[in-house]
Each structure stands twice: as structure tokens, then as C-alpha cells.
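>>> sequence first, then the predicted structure, then my questions.
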Amino acid sequence: MVRNVVSGAGEFFTLCADTVRASFRRPVQVTEFGAQCLAIIRVSLLPTVMMAIPFTVLVVFTLNSLLGEIGARDLSGAGAGFGAITQIGPLVTVLVVAGTGATAIAADLGSRTIREEIDAMDVLGIDPINRLVVPRVWASTLVAFLLNGGACAIGI
């Protein structure tokens, strides 16, 4: 039991290290990167908007009641902006990109594994990490950054 957990954690860190190494190797998969950006945006944009609005209302309401209790109600606008940028945007973005984007990526890579496409890539001499994993990691990073800005703008 413990051996399986440690082995799984070791494989994860090995994959992370291989991904970082492969990020700086050629060829760069620009087409795959663009396709993954569009796919992640397609599954993440609407949930981000739909989550940012109630989170903003919740944080602003809580902040305004707290500021009213201590007699600093005139700071509510600045506090709402600060809360949107530091709390709402990153939280909503992480939840949505990890929830929808990562699920879509895992499903795609899992189906490729079942159909033995990844093994075929190994046989053909194509590095699956450079071809499949690196573009998805960079696309997730870029889309999360852009969605964070969108969630902050919605919050403000």
C-alpha cells in the first residue's frame, strides 16, 4: 500500500521534471499549443464567468458588513477591488481551470492511452511528453493567466 503511494508520487515528480526539461527542447508544438488553448478556453470561459459573479457578491457583501462594523464604510470600494484582484480572480481561475480544463486534458490523454497512441508514438521515436504534455501545460498556464484577468475584471 505505502509502496504504491510512494511509487505514484515518484512517477508524478518524474513526469514534472521531464515536462520542465522538454519545455526547452525543439521542436516546439505551436499547432498543438493553439488547439489546446482554444479547447481549454471553450470549456473554461463560461464556468469562470458564472463563478466569478457570485464569488464577487459574496466577498463584497462580507467585506462591506465588516467595514460597517468597524466604521470604515468609505473604504468599501477599495476593499472590493483589492478582494477581487487578490482573492476572487485567482480562486475562481484555479477552480475552473483545474476542474474543467484539467479534466478535459486527462480524458484526452487517457483515451489516447487506451487506444495505444502514446505507445505508438514511442515506437515511432516521438517523445510523447514533448508532443502532448508540454503544449497542454503551457496552454493551461496561458489560459489560466488570461482567465484570471477576466475574473478580476468581472469582480471589479
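Perfect, thanks for sending it.
>>> residues touching the one residue sitting closest to the centre of the chain, list them.
What sits nearest the mean C-alpha location of the chain, by C-alpha atoms, centre = their mean, is Val97, with 3.5 Å. By C-beta atoms under 8 Å, 6 or more residues apart in numbering, the contact set of Val97 is 40, 44, 140, 143-144, 147. Using the backbone N, CA and C atoms, a C-beta is placed for each residue, glycine as well.
>>> try it again at 6 Å.
Counting by C-beta atoms under 6 Å, 6 or more residues apart in numbering, Val97 makes contact with 44, 144.
>>> where along the chain do the helices fall?
For the chain, helices defined by DSSP state H occupy the ranges 2-22, 30-70, 76-83, 89-96, 102-114, 117-124, 128, 134-155.
>>> tell me the mean pLDDT over the longest one?
So the one you mean is helix 30-70. Helix 30-70 shows a mean pLDDT of 88.
>>> ok, now the fifth one?
Per-residue pLDDT values over helix 102-114 give a mean of 91.
>>> the chain should start at 49 in everything you say after this.
Sure, I'll start counting at 49 from here, so that last one is helix 150-162.
>>> which parts of it are buried?
For helix 150-162, a neighbour-count test (16 or more other C-beta atoms under 10 Å) marks 152-153, 157, 160 as buried.
>>> out of those, who's nearest Arg51?
The closest of the buried residues of helix 150-162 to Arg51 turns out to be Leu157 (C-beta to C-beta; 25.0 Å).
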